[in-house]
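Trainee: generate a structure from the sequence data that follows.
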Amino acid sequence: MNELVKRKKKFFEMTGASAALFKTSDFLQDSTVSYFSGLPKQFLANDLLVIKPTGKPLLIKSLLEPKISVPGVAVKNINKKKQLEEILKKELKGVKKIALNKPLHTSFSLRALKKLIGKKKLVDASKQLGKMRSVKSAIEIEKISKACKIAESVAESVGGVFTKGMTEKRLGLEIEAMMREKGDNILAFPPIVASGTNASAPHSIPSTKRIASGLLLLDFGACFKGYCSDITRVFSVGRPSKKQQQLYTNVFAAKQFSQSQIKEGVLAGDIFDKAASFLKKETGFPLIHGLGHGLGLDTHDFPSGFLSGSKEKLQKNMVLTVEPGIYGKFGGIRIEDDLVVTPKGNRPLTKAPAELLVL
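Mentor: Below you'll find the model as predicted:
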């Protein structure tokens, strides 16, 4: 039984539905379409996926999009609403209960969908989808691992493209180009390039500021066959001060400590609390954001991750990031790696350098 068939079988066992509809649009991407079709997000725009307990999934696409062939998936290109109505009438004949990912629907799209399907019952399957996508298969982990290797190779290549005085935007474009060349022609997210005090904002946007001596924070992720990586590396432009080196060492220690707590069966919230306490003790700075998040088809995938108060229990083959960080007048230091949860601990997919690298 192949991967997509296994997913579909499990989904209908969990939901009790007799069909499911998942939609992507220019405004709202639902990675569930990729999850059940095997088609990476860059090939999806305004598409509707129909799945049933038996038979191939059906992907309905606009004639404006290129025709594609997907193993194990039926694909139909249409250009009229009437065609869509006819297809759904045929596909949903005898179906009484239809599952969908309700949080990713607007009130407008829900009304339009109800108009298309008539009096059939719609049920929200978002919780079941979250549970399924939280635990990755071996195939998914391999794809994430390859995305991680691409990101790490780009991090190792930064010294070859960086020149002192280049702008944050320029370096961001260089990083983006390397990731697109090595992986998918999409990114996990736009790279963060933050130098000096700009890094005091965790989600700084690359600017036209010229990168001078001091700390430089880079946060980026590559994609491989639709699956994401997400790493953060900190460099020193020029020789770092003793204080900068010590802060980096302390944040790295916090990351190592955090990873040492991660294993199957532990509550995500407990790991956050211990990591935040360790970071505050070592650096004097609080942890102002989550310690990490799920990673997969989306950069922020299921599970929700290491958040304060989270009662989510870690399971084998969950893939998450770990990213303690400190921020202040000096700028910011965040070190982020990706890992897979195992029964006795975790398996790192990336490995940040223990020492502050100098450009």
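
Trainee: which residues of the protein score low on pLDDT?
Mentor: For the chain, the stretches with pLDDT under 70 are 1.

Trainee: repeat the analysis, applying 80 as the threshold.
Mentor: 1, 26-28, 64, 66 (pLDDT under 80).

Trainee: could you chop it up by domain?
Mentor: Here the domain parsing of the chain from automatic domain parsing is 3-132, 138-358.

Trainee: switch those domains over to a markdown table; also include mean neighbour count.
Mentor: Yep, even glycine has a C-beta here, placed from its N, CA and C like the rest. Formatted as a markdown table, the domains of the chain follow (neighbours: other C-beta atoms under 10 Å):
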| stretch | mean neighbour count |
| --- | --- |
| domain 3-132 | 16 |
| domain 138-358 | 19 |
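
Trainee: give me the longest helix you can find in the protein.
Mentor: Determined from DSSP state H, the single longest helix within the chain is helix 138-161.

Trainee: and the angle for the following helix or strand past that one with helix 138-161?
Mentor: Going down the chain from helix 138-161, the next helix or strand is helix 168-182, by DSSP states H and E. Here the directions of helix 168-182 and helix 138-161 differ by 130 degrees (axes from the mean of the first three to the mean of the last three C-alpha atoms, to 10 degrees).

Trainee: which helices and strands sit right next to helix 168-182?
Mentor: Under the contact definition 3 or more C-beta pairs under 8 Å, 6 or more residues apart in numbering; DSSP states H and E, helix 168-182 sits against helix 138-161, strand 189-195, strand 214-221.

Trainee: distance to residue 22 added to those, as TSV?
Mentor: Converted to TSV, the helices and strands packed on helix 168-182 look like this (distance: least, C-beta to C-beta, whole Å):
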stretch	distance to residue 22
helix 138-161	18
strand 189-195	22
strand 214-221	24
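
Trainee: quick check, residue 33 in a helix?
Mentor: Yes - using DSSP: H, G, I helix; E, B strand; the rest coil, the assignment for residue 33 is a helix.

Trainee: relative to residue 41, how far out is it?
Mentor: Here residue 33 is placed at a distance of 8 Å from residue 41 (C-beta to C-beta, to the nearest Å).

Trainee: what sits up against stretch 48-63?
Mentor: Residues from elsewhere that reach stretch 48-63, judged by C-beta atoms under 8 Å, 6 or more residues apart in numbering: 4, 8-9, 11-12, 18-23, 32-33, 36-37, 39, 45-47, 68, 70, 72-79, 84, 87-88, 91-92, 95.

Trainee: if you set the cut-off to 7 Å instead, what comes out?
Mentor: Identification of contacts with stretch 48-63 by C-beta atoms under 7 Å, 6 or more residues apart in numbering yields 8, 12, 18-23, 33, 36-37, 46-47, 70, 72-79, 84, 87, 91.

Trainee: just the ones in helices from the residues you listed, please.
Mentor: Reading helices off the contacts of stretch 48-63 with DSSP H, I get 8, 12, 33, 36, 37, 84, 87, 91.

Trainee: what's the farthest-apart pair in those?
Mentor: 12 and 84 (23.1 Å; C-beta to C-beta).

Trainee: centre-most residue in the chain?
Mentor: Against the mean C-alpha coordinate of the chain, by C-alpha atoms, centre = their mean, the closest residue is residue 299 at 1.4 Å.

Trainee: give the contact list for it.
Mentor: Neighbours of residue 299 in contact, by C-beta under 7 Å, 6+ apart: 188, 189, 221, 228, 230.

Trainee: and the residue with the largest distance to the centre of the chain, which of the three is it?
Mentor: Distance from the C-alpha centroid of the chain peaks at residue 94, with 36.7 Å (C-alpha atoms, centre = their mean). Here residue 94 is coil, with the state taken from three-state DSSP.

Trainee: now do the nearest residue to it once chain neighbours are set aside against residue 102, distance only.
Mentor: Excluding the flanking residues, the one nearest residue 94 by C-beta to C-beta, 6 or more residues apart in numbering is residue 18, at 7.9 Å. Noted for residue 18: a distance of 17 Å to residue 102, by C-beta to C-beta.
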